[in-house]
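K.L.:
A structural model of the following input is requested.
(4 chains)
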There are 2 protein chains.
Amino acid sequence: MDDKTHRWCASRATVFKALGHPTRVFIVQELSKGEECVCHLTEKIGADISTVSKHLAILKSAGIVSDDKRGLQVFYKLRMPCVLGVFGCVDKIMAEDLRDRESLIR
Amino acid sequence: MDDKTHRWCASRATVFKALGHPTRVFIVQELSKGEECVCHLTEKIGADISTVSKHLAILKSAGIVSDDKRGLQVFYKLRMPCVLGVFGCVDKIMAEDLRDRESLIR
DNA sequence: ATACTATTTGGCTGTTTGGCAAAATACCCT
DNA sequence: AGGGTATTTTGCCAAACAGCCAAATAGTAT
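P.N.:
Sure thing, here's the model as predicted:
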């Protein structure tokens, strides 16, 4: 793999890596309904707020979400709605896996 | 986050995690052109064959590729073509980031 | 300025990942 | 069976990650 290709693949991989954690998948899912403040997300997730903040920072640096400080609170929102289409494909993969497992039983 | 939601998010995250490595992104890209044997992929990647084999195992267990042993060789192929659409979204995110960085300069 | 609240950052620990090399496995051929 | 090739598995080490706590920062209100 030449250097240029490697950098390209690495950039893409960064986005996927950002989505590669249950909490971060959950955050994206929640944000698909509209923007949320960190405190609200933290409640729903049920982890330490510092942990949630770090997850958000990862999503942000991958370009998946953007933040907006208003008063004391910071609101995060989805920056690229196409991520939801991505979920559609991932769900298809998961469904296919399920079918494979079932066909082993039959 | 309740237990059921967590399992759901974790399944999705597994697929993303599988795509979260430059080498594995490259493999998916290559396989989009058609099936390939491990040896051929290894050549293109330029890493130890055992390393490539592990990457393929990760993609396979995530349901992204499937394998087919024919004689001595094992051929891998994309199982869900929609992954390429996913790349389209990721590329959009990357392009957006680039624009943001440029807008800082202006 | 002080007190208070929301969020981020730094530091620590245990866990996971990625890579190579060596050994094991699987298949073919004679 | 024995030799050769393609691939996977195992063992090991260094680097990266995830989580919590405590400390730092930023904004608001008195």
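
K.L.:
hey, let's count contacts and neighbours off CA atoms from now on
P.N.:
Fine.

K.L.:
doesn't residue B:78 make contact with residue A:93?
P.N.:
No - between residue A:93 and residue B:78 there is no contact under C-alpha atoms under 8 Å: 11.1 Å.

K.L.:
For chain A, which segments count as strands?
P.N.:
A:36-37, A:65-70, A:73-78 (DSSP state E).

K.L.:
any idea of the angle the second one forms with strand A:73-78?
P.N.:
It refers to strand A:65-70. Interaxial angle of strand A:65-70 relative to strand A:73-78 (axes from the mean of the first three to the mean of the last three C-alpha atoms, to 10 degrees): 150 degrees.

K.L.:
now what about strand A:65-70, what contacts it?
P.N.:
A:56, A:59-60, A:74-80 (C-alpha atoms under 8 Å, 6 or more residues apart in numbering or on different chains).

K.L.:
what do you get for stretch A:41-55?
P.N.:
A:23-24, A:27, A:38-39, B:1.

K.L.:
if we can go back for a sec, filter the contacts of strand A:65-70 down to the buried ones.
P.N.:
A:56, A:59-60, A:75-80 (16 or more other C-alpha atoms under 10 Å in any protein chain shown).

K.L.:
For those, work out which two are farthest apart.
P.N.:
Spatial extent of those (C-alpha to C-alpha) is set by the pair A:75 and A:80 at 15.7 Å.

K.L.:
I figured residue A:94 hits residue B:63, correct?
P.N.:
Yes - with contact defined as C-alpha under 8 Å, residue A:94 and residue B:63 form a contacting pair (7.2 Å).

K.L.:
Who has more neighbours out of the two?
P.N.:
The residue with more neighbours, out of residue A:94 and residue B:63, is residue B:63; 24 against 20, by other C-alpha atoms under 10 Å in any protein chain shown.

K.L.:
For the more buried one, which residues are in contact?
P.N.:
So residue B:63 contacts A:93-94, A:96-97, B:15, B:79 (C-alpha under 8 Å, 6+ apart).

K.L.:
Need the phi and psi values for it.
P.N.:
In terms of degrees, to the nearest 10, the main-chain angles of residue B:63 are phi 90, psi 10.
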